[in-house]
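1. Task: produce atomic coordinates for the following.
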Amino acid sequence: RMETDCNPMELPNNAGFEEDSDYRDFEGTDVKDMRLEAEAVVNDVLFAVSNMFVSKTLPCAEDVAYINVETRERNRYCLELTEAGLRVVAYDFDQTDDRLQTPYHETVYSLLDSLSPAYREVFGNAILQRLEALKKESQS
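-> Residues are numbered from 1 along each chain as shown. The predicted model follows:
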């Protein structure tokens, strides 16, 4: 006999999700969430690249958003952000190339680290400066 946490007979009969305002715009909130996720990614690493912004041309869907990035080496990429992570989908802004089979990266840091030595240097220096500041704080 299988144990269950919830007896289905105990659920209220009026569990109509359609009427519940928290669930009514569920699809709309997902779209917003992926765009918000993309904006957060941009805000995290903008200081270490030449330019980075969420694409306004390519459509955001509930499960995908696109981010344009220009590295300090002046290389342009269009990144796809999904639940699987981030990957390069084109070598220019606001483009996708279905023939491109690039690997997914779990984080934007890992992806940019693989694309841009200048990003790696700037990001590494920022971490060192932060560590130095923390060291000074702890000594005072």
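
2. Where does pLDDT dip in this structure?
-> Counting by pLDDT under 70, the chain shows low-confidence ranges at 1-32.

3. the helices in the chain, which residues?
-> Taking DSSP state H to define them, one finds helices in the chain at 21-24, 26-45, 108-115, 117-139.

4. From the chain's centroid, how far away is the third one?
-> If I follow you right, that is helix 108-115. What separates the centre of helix 108-115 from the centre of its chain is 13 Å, taken as Cα atoms, centre = their mean, to the nearest Å.

5. Return the set of buried residues in that helix.
-> For helix 108-115, the neighbour count (16 or more other Cβ atoms under 10 Å) marks 108-109, 111-112, 115 as buried. Where you see a C-beta, it was placed from the backbone N, CA and C, and this is true even at glycine.

6. As CSV, those with distance to residue 42 would be great.
-> Formatted as CSV, the buried residues of helix 108-115 follow (distance: Cβ to Cβ, whole Å):
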residue, distance to residue 42
108, 9
109, 13
111, 13
112, 12
115, 15
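
7. What is the nearest of those residues to residue 140?
-> Closest approach to residue 140 among those (Cβ to Cβ): residue 109, at 30.2 Å.

8. thinking again about what came up before, relative to residue 75, which of the buried residues of helix 108-115 is nearest.
-> Closest approach between the buried residues of helix 108-115 and residue 75, by Cβ to Cβ: residue 115, at 7.1 Å.

9. surely the closest one meets residue 76?
-> No: with contacts counted by Cβ atoms under 8 Å, residue 115 stays clear of residue 76, the gap being 10.7 Å.
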